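Engineer: model the structure of this input:
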Amino acid sequence: MSPVIAPFRAPRLAALFLTFAFGVVGFAMGINALVKSHDQKNLVKDQAPSGATVNIDTNDVFKVGCVVTAVCAALAALSFVLLLFTRSTTKAAAPLSARTLPLQAILFSFLSVWLFASLVAMTDIVANRQAKVSAFIGTLQLQDSIIKAVEAQLGVTSVYREIDYLRLAVILPWIAFLFSTISSVLSFAAVRRSARHTSTAFTSTPARAPEPAASVKEETDIKQVEV
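Structural biologist: Okay, the predicted model is just below:
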């Protein structure tokens, strides 16, 4: 019996690999942004004058960035697992990669929609907002011009779109979203193709004529002997 292969195996393998690759990249960019943001905050606070208190609020981009990072990690994990099952072939009538096609399509669709919504929000925040920086010496709040001068002296900025690691954390997950959507579409197409093949195979199988009952045949033979 020849191995059973789910429909669109080669395109789905390619899409799964690229989803995995850019899911890992998106996750790495999110972690990189988190670490570098933390380091820059510490740099600014360490360079502040003695007795000064510096507050840097980046909760808006931090929260949505954590969501994007988590979804990219989920996409990478899901794609990796499915790659292992889709690569292998089996002589079973219904391999695991074929039986779980509807579930694969639903999971990829859910994660793609979730990632899209998060990326739209993050893209808007990075493009149009900046960190809220305030500094105090005792109870006296420093003017924004002084804060900007200190930022320029340290080589940092509070404007999100001017920060390289934030731009990368937004751009690269969009590519992960693209290949996740392709994986979802291919999974749905494979489900439809499998259902069509199953229906065709069922309707094309000729019905077998019922065999004559053995008891009727024996009864006829007995009557002939009696005569």
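
Engineer: all strands for the chain, in order.
Structural biologist: 52-57, 132-137, 140-141 (DSSP state E).

Engineer: partners of the first one, with directions?
Structural biologist: Here strand 52-57 has these sheet partners by DSSP bridges: strand 132-137 (antiparallel).

Engineer: starting at the chain centroid, how far to the partner strand?
Structural biologist: 38 Å (CA atoms, centre = their mean, to the nearest Å).

Engineer: cool, stretch 98-117 as well?
Structural biologist: Relative to the centre of its chain, stretch 98-117 is centred 8 Å away, using CA atoms, centre = their mean.

Engineer: what's the answer for stretch 32-39, then?
Structural biologist: Chain-centre distance of stretch 32-39: 23 Å, with CA atoms, centre = their mean.

Engineer: swap in stretch 183-191?
Structural biologist: Per CA atoms, centre = their mean, the displacement of stretch 183-191 from the mean C-alpha position of its chain is 15 Å.

Engineer: what sits up against that stretch?
Structural biologist: 6-8, 11-12, 15-16, 19, 79, 101-102, 104-105, 108-109, 112 (CB atoms under 8 Å, 6 or more residues apart in numbering). Placement of C-beta: from N, CA and C, glycine included.

Engineer: also stretch 159-170?
Structural biologist: Identification of contacts with stretch 159-170 by CB under 8 Å, 6+ apart yields 26, 29-30, 32-33, 36-37, 61, 65, 68-69, 119, 122-123, 125-131, 157.
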